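Undergrad: what follows is a predicted structure for the sequence shown.
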Amino acid sequence: MAHDKAPKEFLPLNCAVVTVSDTRTEANDTSGQLLAERLEKAGHKLADRAIVVDDIYQIRAVVSRLIAADDIQVILMTGGTGFTRRDNTPEAVTPLLDKEISGFGELFRQLSFNDIGTSTIQSRAIAGMANECLVFCMPGSNNACATAWDQIIEAQISNQTRPCNFVGELKLNLPK
């Protein structure tokens, strides 16, 4: 199959940022703010933002609402992916996914090894597709969010990335 090599016009996506935390507020949610700023700088739209406590059912409620929304193509989640008793993001999100993107967690941990060494094995970063919406779940630290966005997510949600990206798999009924 031949790939179209002609440059495509950038397609901005509607993104939601969800912070999973028992302690963060709008005033101190630095990782959520980092993701919001980076996605807007890349040309995407911050269409929704939420902070939810680390409770499986409350996380599922927020993510389910966003997945079902006609105008959300990407959900960036920060927090709750560690190995403590209160880290529940993977358990909350995984049942909602139609397909998992195993490579995201694998690549994230490989990249994180350079910064945090073997502690990266405690990261349970995951990603997947649900209702033609991408969901990326990453740790809550600013460094982890920067690594995930800068080295993986930004390129994969750009329709200009070659040889492939996820944009063609997303619901693209963007609001006018």
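TA: All right, it came through fine.
Undergrad: skip the chain neighbours and tell me the closest residue to Val62.
TA: Once flanking residues are discounted, Val62 sits nearest to Val52: 4.8 Å by CB to CB, 6 or more residues apart in numbering. Just so you know, the C-beta spots here come from the backbone N, C-alpha and C atoms, and that holds for glycine as well.
Undergrad: and the helices in this protein?
TA: 30-41, 56-68, 89-93, 102-116, 142-148, 154-156 (DSSP state H).
Undergrad: looking at those, which is buried most?
TA: helix 89-93 (a mean of 22; mean count of other CB atoms under 10 Å).
Undergrad: helices or strands up against that one?
TA: Helix 89-93 sits against helix 56-68, strand 126-130, strand 133-138, with contacts defined as 3 or more CB pairs under 8 Å, 6 or more residues apart in numbering; DSSP states H and E.
Undergrad: now distance to Gln151 and mean pLDDT too, for the ones you listed, in a markdown table please.
TA: Shown next, in a markdown table, are the helices and strands packed on helix 89-93 (distance: least, CB to CB, whole Å; pLDDT from 0 to 100):
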| stretch | distance to Gln151 | mean pLDDT |
| --- | --- | --- |
| helix 56-68 | 24 | 98 |
| strand 126-130 | 13 | 98 |
| strand 133-138 | 11 | 98 |
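Undergrad: any chance of the ones you listed in TSV, plus distance to Arg162?
TA: Converted to TSV, the helices and strands packed on helix 89-93 look like this (distance: least, CB to CB, whole Å):
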stretch	distance to Arg162
helix 56-68	28
strand 126-130	20
strand 133-138	18
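Undergrad: for the ones you listed, which one sits closest to Ile116?
TA: Of all those, strand 133-138 sits nearest to Ile116, with 13.3 Å by CB to CB.
Undergrad: and that closest one, what does it pack onto?
TA: helix 56-68, strand 74-78, helix 89-93, strand 126-130, helix 142-148.
Undergrad: and the nearest residue to Gly168 once chain neighbours are set aside, how many neighbours?
TA: Closest residue to Gly168 apart from its sequence neighbours, by CB to CB, 6+ apart: Asn159 at 7.5 Å. Neighbours of Asn159 under the rule other CB atoms under 10 Å: 17.
Undergrad: now do Gly128
TA: Gly128: 19 surrounding residues under other CB under 10 Å.
Undergrad: and it, what does it touch?
TA: 93-94, 97-101, 134-135 (CB atoms under 8 Å, 6 or more residues apart in numbering).
Undergrad: any weak-confidence spans in this structure?
TA: 1-7, 173-176 (pLDDT under 70).
Undergrad: give the bridge partners for Met77, please.
TA: Beta-bridge partners for Met77, by DSSP bridges, are Val18, Cys137.
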